[in-house]
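Visitor: build me a structure from this.
(2 chains)
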Amino acid sequence: MNTGKNKGFFSKIPNAVWMVISVVTAFVLWTVIASTEAGGVVFAEPWEVGQQFVKALSNGSLWQHTSISLFRVLAGFGIGFVISIPVAFLMGWYAPFRNLVSPWIQFVRNIPPLAYIPLIIVGAGVGEQAKVIVIFIASFLVLVVTIYQGVLSVDVTLIKAAKVLGASDRDLFFKVVIPASTPYILTGARLGLSASLTTLVAAELTGASRGLGMMIQKASGYYDMSTVLMGILVIGVIGILFEKIVRFLERRLTGWQETISQ
Amino acid sequence: MAGNNLPVKVKIDNVVKKYSGRNGEMVALNGVSLDIHENEFVCVVGPSGCGKSTLLNIIAGLHEPTSGQVLVDGQAVSGPGPDRGVVFQQYALFPWLTVQKNVEFGLKLQGMAQDKAEQEAKKYIKMVDLEQFAQSYPKELSGGMKQRVAIARAYAINPKVLLMDEPFGALDAQTRTQLQTELLNTWEKEQKTCFFITHDVEEAIILAQRVIIMSARPGRIKEVVEISIPYPRTQETKMTKEFLDLKNHIWSQVYQEYLAIRK
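Guide: Numbers count the residues shown, from 1 in each chain, chains lettered A, B, ... in the order given. Below you'll find the predicted structure:
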């Protein structure tokens, strides 16, 4: 990487500038592709999408779609997060529990949410519950697998050190295992949030009147590609914002880690 | 005479430890008995795999013996406890806590109030001469500094017995010598019963009142060597004839055990 002697022109460009270059290049590519005959069928022009965006923003419909989708994503992810930590801990520490639960997780992990949505609709109806459940399952699976790795990676010597200093099982959990797994918990959060967003459209297939996923599906029915693209952009931007928030938390909470790049 | 005339602090009573593994049963310790007296400094040397770490873990209460028992002040050990402090070779500092918080860790588990724990911790950080680093994280410290924090942390809970498992094994020669001197100074000031494991014969002689030589697996006590060189011992002590004779003797005993493993 940029560690050696070859500190050239590119390594002097600050990250923020790179971000601008990246976004501008994407826009240029988009414009070029949209202006071709084949590309124009799929991609609306940026200005069309922009117009659509202003319209949807001013009549409040975009915010309605976005807010309900955000609620579903955060509720599903939040429940997944809270449940996955104790489950991952039990899997790491109690072999019988691990042997029981681990095959279930491996089994469900490979099934696309679209496949089990009919079951959820039958079980939970078409209300908010069904959407939150779909997102919960997707984020829980990613979270539990990642955090389980974290629990396994806790240094045994640290457990021993805490025990000889008088730690009870409760102390071990809250004062050693949780802080030691924090880097994995945050990685799990990042992957889990991303899984929540990627399942959003599928979750809103359970029948919704509002939501970004539903907005995209409805627009595609009318062949309204500028609305489809707008929905994609909004979901993408939310994803980047989530990523930034987790990165911020990582800097605050896991700065104690030994890193290679020091 | 064994070490000193003070009462027995730790009584290791016919401790046997067997592990059952894939290749059948493995005997790690085969009937180890030893009395360690109050404020005595005992070093254990032996080839790797002789069970010396297992013995330390049993005294610490982290492992259970298959038979036999360990008594501290006449009380049988049934688990880890704050009467026995442990210093590990890998430092085992909590990387997410500052030096100050690492040293406070055990004190707060004992139920000490925050301000009192803070003061106590400061005292021991001062003892190991790391006041300027109280707010640093372990990743910012060198190996020697980390081990000094670990020693401060073990001392802070004021244990009766200090158990050390090759604490200086991962350090370079100079740092190791320096920490040996510091440890001896501390031990002379704040007397404690010390059980110190090492594979370095010189280190054992410079520190200990008695050196315990362990045999290759299954681990037994092969010989107990009294070191009557008076304290304070310095680096010059290592040049004396008495020291060199002891070193030759202990080293050849350990080497025989090492050869026994090779066979």
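
Visitor: residues touching the nearest residue to A:Gln257 once chain neighbours are set aside, list them.
Guide: Nearest residue to A:Gln257 in three dimensions, chain neighbours excluded: A:Pro183, at 6.1 Å (Cβ to Cβ, 6 or more residues apart in numbering or on different chains). (Each C-beta comes from the backbone N, C-alpha and C, glycine too.) Applying Cβ atoms under 8 Å, 6 or more residues apart in numbering or on different chains, we find A:Pro183 in contact with A:150, A:250, A:254, A:257.

Visitor: before we move on, what about B:Val8?
Guide: Contacts of B:Val8 by Cβ under 8 Å, 6+ apart are B:35-38.

Visitor: residues of the stretch 101-250 of chain A that sit close to chain B?
Guide: Within the stretch 101-250 of chain A, the positions near chain B by Cβ under 8 Å from any Cβ of the partner chain are A:155, A:157-158, A:160-167, A:171, A:175-176, A:179-180, A:182.

Visitor: which of those residues count as buried?
Guide: A:158, A:160-167, A:171, A:175-176, A:179-180, A:182 (16 or more other Cβ atoms under 10 Å in any protein chain shown).

Visitor: which SSE is the residue of the stretch 1-150 of chain A found nearest chain B in?
Guide: Per Cβ to the nearest Cβ, the residue of the stretch 1-150 of chain A with the smallest distance to chain B is A:Gly150, at 13.0 Å. Assigned by DSSP states H and E, A:Gly150 belongs to helix A:128-153.

Visitor: quick one, which of the contacts of A:Pro183 are buried?
Guide: Judged by 16+ other Cβ under 10 Å, buried ones among the contacts of A:Pro183: A:150, A:250, A:254.

Visitor: OK, contacts around the last one?
Guide: Read that as A:Thr254. With Cβ under 8 Å, 6+ apart, A:Thr254 has these contacts: A:182-183, A:186, B:96.

Visitor: and B:Leu29, helix, strand or coil?
Guide: Here B:Leu29 is recorded as strand under DSSP: H, G, I helix; E, B strand; the rest coil.

Visitor: count of neighbours near it?
Guide: Residues lying near B:Leu29 (other Cβ atoms under 10 Å in any protein chain shown) number 28.

Visitor: show me what it is bridged to.
Guide: With DSSP bridges as the criterion, B:Leu29 is bridged to B:Lys17, B:Gly219.

Visitor: so what touches stretch A:142-161?
Guide: With Cβ under 8 Å, 6+ apart, stretch A:142-161 has contacts from A:80-81, A:84-85, A:87-89, A:91-93, A:105, A:109, A:172, A:176-177, A:180-185, A:187-189, A:191-192, A:195, B:60, B:62, B:86, B:88, B:90, B:92-94.

Visitor: stretch B:133-147 too?
Guide: A:255-258, B:87, B:91, B:93-100, B:102, B:122, B:125, B:130, B:149, B:167-168, B:170-172, B:175, B:178-179.

Visitor: now these: which count as buried?
Guide: Neighbour-count burial (16+ other Cβ under 10 Å) applied to those gives A:256, B:87, B:91, B:93-100, B:102, B:122, B:125, B:130, B:149, B:167-168, B:171, B:175, B:179.

Visitor: picking up where we left off before, so which of the contacts of B:Val8 is the most crowded?
Guide: B:Ile36 (24 neighbours).

Visitor: state the distance from that residue to B:Leu71.
Guide: Going from B:Ile36 to B:Leu71 by Cβ to Cβ, to the nearest Å gives 11 Å.

Visitor: between those two, which contacts overlap?
Guide: Both B:Ile36 and B:Leu71 are in contact with B:10-11, where contact means Cβ under 8 Å, 6+ apart.

Visitor: what ranges does the stretch 51-200 of chain B have for its strands?
Guide: For the stretch 51-200 of chain B, strands defined by DSSP state E, counting those that start in this stretch occupy the ranges B:67-72, B:75-76, B:84-87, B:161-165, B:193-197.

Visitor: who wins for proximity to chain A among the ones you listed?
Guide: Closest to chain A of the strands of the stretch 51-200 of chain B, according to Cβ to the nearest Cβ: strand B:84-87, at 4.4 Å.

Visitor: how far off centre is the closest one?
Guide: Here strand B:84-87 is found 8 Å from its chain centre; the criterion is Cα atoms, centre = their mean, to the nearest Å.

Visitor: helices and strands around that strand, which ones?
Guide: helix A:156-164, helix B:52-60, helix B:143-156, strand B:161-165 (3 or more Cβ pairs under 8 Å, 6 or more residues apart in numbering or on different chains; DSSP states H and E).

Visitor: just want the most central residue of the chain.
Guide: In the absence of a named chain, this looks at chain A. A:Ser194 (1.6 Å; Cα atoms, centre = their mean).

Visitor: oops, chain B please
Guide: B:Met164 (2.1 Å).

Visitor: need the contact list for it.
Guide: B:86-87, B:194-197.

Visitor: who are the contact partners of A:Ala189?
Guide: Counted by Cβ under 8 Å, 6+ apart, A:Ala189 has contacts A:81, A:143, A:246, A:249.

Visitor: please, which helix or strand holds it?
Guide: helix A:178-203.

Visitor: and that helix, what's buried?
Guide: Within helix A:178-203, judged by 16+ other Cβ under 10 Å, the buried ones are A:178-197, A:199-203.

Visitor: and that helix, average pLDDT?
Guide: The average pLDDT within helix A:178-203 is 91.

Visitor: between helix A:178-203 and the following helix or strand past it, find me the angle.
Guide: Per DSSP H and E, the first helix or strand lying C-terminal to helix A:178-203 is helix A:212-221. Relative orientation of helix A:212-221 and helix A:178-203, computed by axes from the mean of the first three to the mean of the last three Cα atoms, to 10 degrees: 30 degrees.

Visitor: what does helix A:212-221 rub up against?
Guide: For helix A:212-221, using Cβ under 8 Å, 6+ apart, the contacting residues are A:65-66, A:69, A:200-205, A:208, A:225, A:227-228, A:231-232, A:234-235.

Visitor: what comes up buried for that helix?
Guide: In helix A:212-221, residues buried by neighbour count (16+ other Cβ under 10 Å) are A:212-219.

Visitor: quick check, nearest of the residues you listed to chain B?
Guide: A:Leu212 (37.5 Å).

Visitor: pLDDT wise, what is the closest one at?
Guide: So A:Leu212 comes in at 92 (pLDDT).

Visitor: A:Ser226 versus that one, what's the distance?
Guide: Using Cβ to Cβ, A:Leu212 is found at 15 Å from A:Ser226.

Visitor: cool, B:Lys11 as well?
Guide: B:Lys11 is 84 Å from A:Ser226, where distance means Cβ to Cβ.

Visitor: of the two, who's got more company?
Guide: A:Ser226 (21 against 16).

Visitor: so which elements touch the biggest helix by length in chain A?
Guide: If you go by DSSP state H, chain A has its longest helix at helix A:61-93. The elements that helix A:61-93 packs onto, with contact taken as 3+ Cβ pairs under 8 Å, 6+ apart, are helix A:46-58, helix A:95-109, helix A:128-153, helix A:178-203, helix A:212-221, helix A:225-253.

Visitor: can you tell me which of those comes nearest to B:Val27?
Guide: helix A:95-109 (26.0 Å; Cβ to Cβ).

Visitor: tilt between that closest one and helix A:128-153?
Guide: Using the same axes, to 10 degrees: helix A:95-109 against helix A:128-153 is 130 degrees.

Visitor: buried ones in helix A:95-109?
Guide: Quick answer for helix A:95-109 (16+ other Cβ under 10 Å): A:98, A:101, A:105.

Visitor: cool, stretch B:189-196 as well?
Guide: B:192-196.

Visitor: among these, find the lowest-pLDDT one for me.
Guide: Lowest pLDDT among the buried residues of stretch B:189-196: B:Lys192, 89.

Visitor: identify the bridge partners of the nearest residue to that one once chain neighbours are set aside.
Guide: Counting by Cβ to Cβ, 6+ apart, B:Lys192 lies nearest to B:Leu162, which is 5.0 Å off, once chain neighbours are set aside. Following DSSP bridges, B:Leu162 is listed with bridge partners B:Gly85, B:Cys194.

Visitor: I figured B:Leu162 hits B:Arg153, correct?
Guide: No - judged on Cβ atoms under 8 Å, B:Leu162 makes no contact with B:Arg153 at a distance of 11.4 Å.
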